[in-house]
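In: Quick one: sequence plus predicted model below, questions after.
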Amino acid sequence: MTSRPVIDDLSSFWMPFTANRQFKAAPRLLESAKGMYYRSTDGREILDGCAGLWCVNAGHGRDEIVAAITQQLSTLDFAPTFQMGHPLAFEAAKKVAELMPEGLDRIFFTNSGSESVDTALKIALAYHRARGEGQRTRLIGRERGYHGVGFGGISVGGIAPNRKTFSGALLPAVDHLPHTHNLEHNAFSKGQPAWGAHLAEELERIVALHDASTIAAVIVEPVAGSTGVLVPPQGYLQKLREICTKHGILLIFDEVITGFGRLGKATASEHFGVTPDLITLAKAINNASIPMGAVAASRTIHDTVVGSGAPGAIELFHGYTYSAHPAAAAAAIATLDLYRRDQLFERAASLAPTFEAAAHGLRDAKHVKDVRNLGLVAGIELESRDGAPGARAYEAFVKCFEAGVLIRFTGDILAFSPPLIIDEEQIARLFRTVGEVLATVQ
Ligand code: PXG
Ligand code: PLP
């Protein structure tokens with residue numbers, strides 16, 4: 001394949017979550033992708049160790065999805081879903097609902113994870129208000145949580161740099177649970193760490209402080225992704241569920257990353273056997289082929305909100321121009337069919353032990369101070385370089401890219417979340433490359 005010359009002016013695109021000046025001085029540009037591989041503009045094949053941004057779970061350039069989108073765009077490019085509809089919106093919702101835990105079968109469509117989070121938080125407030133408990137407005141997130149970049153999401157989120165610049169304008173009634181990261185107790189845990197379930201009891205202290213009657217919802221990632229892969233301690237999520245139920249607080253699982261097979265089941269909720277009241281989704285919902293997100297709400301929440309409106313009145317004053325966009329909906333239907341046909345969730349489950357062994361094979365590699373994993377997610381935490389936090393992981397990331405492997409990093413943690421179509425040889429190559437690179441990293 002011939003490569004087009006790299007465009008020589010990169011200045012117009014203000015890049016998201018990027019060191020713009022550093023990047024533009026030495027850009028890394030991807031030009032095409034198929035299956036497990038990207039191709040860079042300099043013509044190299046790059047093994048995708050992180051499914052793009054944790055989202056291309058069925059692998060790149062799947063013909064079935066491309067065909068569904070193409071066909072849809074030439075048939076019905078756009079249709080409003082405010083007081084109107086189109087059939088694929090309803091079909092896509094049904095397909096998503098079929099994969100959710102029992103009872104969470106009412107689906108609100110958005111265009112991203114950030115929008116899903118805002119939507120879920122607003123639904124939580126609307127639900128309590130519809131029940132006559134409109135004073136329940138407080139939202140509880142968790143330290144190190146990532147819930148996207150809307151004002152709602154950064155307010156309940158717990159990633160300090162994402163909040164700092166905007167700290168004067170965050171939502172007013174928010175508190176945070178402590179995070180569960182503790183290497184003294186949990187370093188090199190395989191799967192769920194044994195220590196830390198008691199950290200969920202901090203919710204009781206928060207409830208005692210603010211009173212349950214002021215709290216609408218708790219939102220957590222079942223497995224925290226963005227912050228660097230924090231797997232919940234055994235029993236932790238169950239405890240959160242119990243405490244929320246006891247106090248009438250809604251539990252929201254942000255499954256933007258864990259959704260659609262990452263842990264070997266459709267959802268983390270199913271994997272852990274813990275059912276929240278609301279689930280936020282995005283990314284792999286349609287293999288990231290067209291922007292789309294969703295919130296799965298329990299029948300109770302839906303019926304309470306929808307039942308509270310006067311006949312003929314709009315029940316929830318919320319929605320996006322592109323909610324259930326026809327092309328995104330078509331892509332979701334094709335993607336969810338593909339997951340089932342190719343049994344990709346089962347594949348993730350059966351590859352998980354190989355993936356775990358390969359990741360933990362790096363426990364003695366240079367700079368490594370922790371390896372953690374669950375399903376097809378792993379994090380490798382590096383000792384930070386003195387006075388330069390993040391520099392070591394950045395160097396590893398760049399060197400891996402040069403060696404033909406794409407990984408993610410956050411701070412000094414490397415993150416792995418390959419497409420679920422990865423094979424054993426590719427898993428071996430992924431971690432072997434990282435080991436070789438770490439040996440050369442300063
Ligand atoms: N919630 C969670 C749990 C997420 O992981 C969002 C919400 C926001 O989704 P959108 O579609 O608005 O980006 C996310 C997104 C990374 C990385 O590599 C993670 C995300 C996005 C980009 C990069 O850490 N997660
Ligand atoms: N801003 C303006 C001026 C708008 O008219 C709209 C939607 O009509 C929006 C923002 C919201 O856009 P979206 O529905 O794509 O989120």
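Out: Noted; the coordinates are in hand. Numbering: from 1, shown residues only. Ligands and ions are numbered 1, 2, ... in the order given.
In: which secondary structure elements does the strand or helix carrying residue 141 contact?
Out: Here residue 141 sits within strand 138-142, counting by DSSP states H and E. Other elements packing on strand 138-142 under the criterion 3 or more C-beta pairs under 8 Å, 6 or more residues apart in numbering; DSSP states H and E are helix 151-156, strand 174-177, helix 202-210, strand 215-220. Yep, even glycine has a C-beta here, placed from its N, CA and C like the rest.
In: Quick check: phi and psi at residue 30.
Out: phi -100, psi 140 (degrees, to the nearest 10).
In: helix, strand or coil for the spatially closest residue to it that is not a sequence neighbour?
Out: Distance criterion C-beta to C-beta, 6 or more residues apart in numbering; nearest residue to residue 30, sequence neighbours excluded, is residue 38 at 4.7 Å. What DSSP: H, G, I helix; E, B strand; the rest coil gives for residue 38 is strand.
In: Find me the pLDDT at residue 38, would you?
Out: Residue 38 carries a pLDDT value of 98.
In: And for residue 6?
Out: For residue 6, pLDDT reads 57.
In: repeat for residue 2
Out: Taking residue 2 on its own, its pLDDT is 45.
In: Ok, residue 416 next?
Out: pLDDT at residue 416 comes out at 98.
In: before we move on, the earlier item: residues contacting the strand holding residue 141, please?
Out: Around strand 138-142, the neighbours that count as contacts under C-beta atoms under 8 Å, 6 or more residues apart in numbering are 121, 124, 147, 152, 155-158, 171, 173-179, 203, 206, 210, 214-221, 224, 249.
In: Can you give me every residue that contacts whichever residue of the chain sits closest to ligand 2?
Out: Distance from ligand 2 to each residue of the chain (C-beta to the nearest ligand atom) is smallest for residue 321, at 3.3 Å. Neighbouring residues of residue 321 by C-beta under 8 Å, 6+ apart: residue 80.
In: Now do the phi/psi pair for it.
Out: Torsion angles, degrees, to the nearest 10, at residue 321: phi -50, psi -40.
In: Distance check, residue 387 against residue 146.
Out: Using C-beta to C-beta, to the nearest Å, residue 387 is found at 26 Å from residue 146.
In: how about the strands in the stretch 1-150 of the chain?
Out: 30-34, 37-40, 45-48, 106-110, 138-142 (DSSP state E, counting those that start in this stretch).
In: Count the residues that sit near residue 14.
Out: 7 (other C-beta atoms under 10 Å).
In: pretty sure it is in contact with residue 24, am I right?
Out: No: in this structure, residue 14 is not within contact of residue 24 by C-beta atoms under 8 Å, at 10.6 Å.
In: Could you break this protein into its assigned domains?
Out: 20-58+343-440, 66-341 (automatic domain parsing).
In: which residues does the residue nearest to residue 30 contact?
Out: Contacts of residue 38 (C-beta under 8 Å, 6+ apart): 30, 32, 45-46, 48, 60, 406.
In: okay, these in TSV with neighbour count and distance to ligand 1 next?
Out: Converted to TSV, the contacts of residue 38 look like this (neighbours: other C-beta atoms under 10 Å; distance: C-beta to the nearest ligand atom, whole Å):
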residue	neighbour count	distance to ligand 1
30	13	15
32	13	21
45	12	21
46	20	16
48	25	13
60	22	17
406	21	11
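In: just these that are near ligand 2?
Out: Among the contacts of residue 38, no residue lies close to ligand 2 (C-beta under 6 Å from any ligand atom).
In: For the closest residue to residue 57 other than its chain neighbours, the count of nearby residues, please.
Out: Residue nearest to residue 57 in three dimensions, not counting chain neighbours: residue 284, with 4.0 Å by C-beta to C-beta, 6+ apart. Neighbour count for residue 284, taken as other C-beta under 10 Å: 29.
In: for residue 178, same thing?
Out: Neighbour tally, residue 178, other C-beta under 10 Å: 16.
In: Kindly provide the distance from it to residue 423.
Out: Residue 178 is 39 Å from residue 423, by C-beta to C-beta.
In: same thing with residue 399?
Out: 24 Å.
In: and the nearest residue to residue 290 once chain neighbours are set aside, what helix or strand is that in?
Out: Among residues not flanking residue 290 along the chain, residue 328 sits closest, at 4.2 Å (C-beta to C-beta, 6+ apart). Using DSSP H and E, residue 328 sits within helix 326-341.
In: what packs against that helix?
Out: Under the contact rule (3+ C-beta pairs under 8 Å, 6+ apart), helix 326-341 is packed against helix 63-75, helix 87-99.
In: Go through the ones you listed and pick out the most buried.
Out: For those, the largest average neighbour count (mean count of other C-beta atoms under 10 Å) is found in helix 87-99, namely a mean of 19.
In: near ligand 2, which residues of this protein?
Out: So far as C-beta under 6 Å from any ligand atom goes, the chain lies against ligand 2 at 320-322.
In: Give the buried residues for stretch 280-296.
Out: By 16 or more other C-beta atoms under 10 Å, the buried positions in stretch 280-296 come out as 280-296.
In: Sorry, slip of the keys, the one I care about is stretch 361-373.
Out: So for stretch 361-373, counting by 16+ other C-beta under 10 Å, buried means 362, 365, 367-368, 370-373.
In: Walk me through which strands the strand holding residue 141 pairs with, and which way each runs.
Out: strand 174-177 (parallel), strand 215-220 (parallel) (DSSP bridges).
In: hey, which of the ones you listed is tucked in deepest?
Out: Among those, highest average neighbours (mean count of other C-beta under 10 Å) belong to strand 215-220, with a mean of 27.
In: Good, wrapping up.
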